[in-house]
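J.: Show me how the following folds:
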Amino acid sequence: MPKIPKTAIKRLVNRSSSIRLTDKAAESISRVLESKARKIARYAMAQAKKNGRRTILKEDIDSYRLKFGD
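T.: Reported below is the predicted structural model:
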């Protein structure tokens, strides 16, 4: 079960359009977002470690976006 709440996903979609989501569609989006977040976090952890840090900085996340896009 995805950890990003379905209601949060539905709220995000609702704010940008008048389209509604089913619970299953919201769960699917949640899974995709969680997968993407894990990839970004792994990359950011590697960047922090490579630079001798134990803390992920905004720059680590930004470098992911520069390297791989949005």
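J.: Could you pull up the contacting residues of the residue lying closest to residue 56 once chain neighbours are set aside?
T.: Once flanking residues are discounted, residue 56 sits nearest to residue 44: 4.5 Å by CB to CB, 6 or more residues apart in numbering. For every residue, glycine as well, the C-beta is placed using N, CA and C. Neighbouring residues of residue 44 by CB atoms under 8 Å, 6 or more residues apart in numbering: 56, 60-61, 64.
J.: change it to 10 Å
T.: The contact partners of residue 44, by CB atoms under 10 Å, 6 or more residues apart in numbering, come to 56-64.
J.: and it, how far is that from residue 14?
T.: 30 Å (CB to CB, to the nearest Å).
J.: Please, where are all the helices along the chain?
T.: 6-16, 23-50, 58-68 (DSSP state H).
J.: Export those helices as TSV, with columns for mean pLDDT.
T.: Converted to TSV, the helices of the chain look like this (pLDDT from 0 to 100):
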stretch	mean pLDDT
helix 6-16	90
helix 23-50	95
helix 58-68	95
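J.: center of this protein, which residue is that?
T.: residue 37 (3.5 Å; CA atoms, centre = their mean).
J.: and the gap between the residue of the chain positioned farthest from its centre and residue 44?
T.: Largest separation from the mean C-alpha position in the chain: residue 52, at 24.6 Å (CA atoms, centre = their mean). Between residue 52 and residue 44 the distance is 15 Å, computed by CB to CB.
J.: Residue 25 versus residue 67, what's the distance?
T.: From residue 67 to residue 25 the distance is 30 Å (CB to CB).
J.: The two: which has the busier surroundings?
T.: Between residue 67 and residue 25, residue 25 has the larger neighbour count (other CB atoms under 10 Å), namely 15 against 9.
J.: measure stretch 45-59 end to end?
T.: Using CA to CA, to the nearest Å, one end of stretch 45-59 lies 12 Å from the other.
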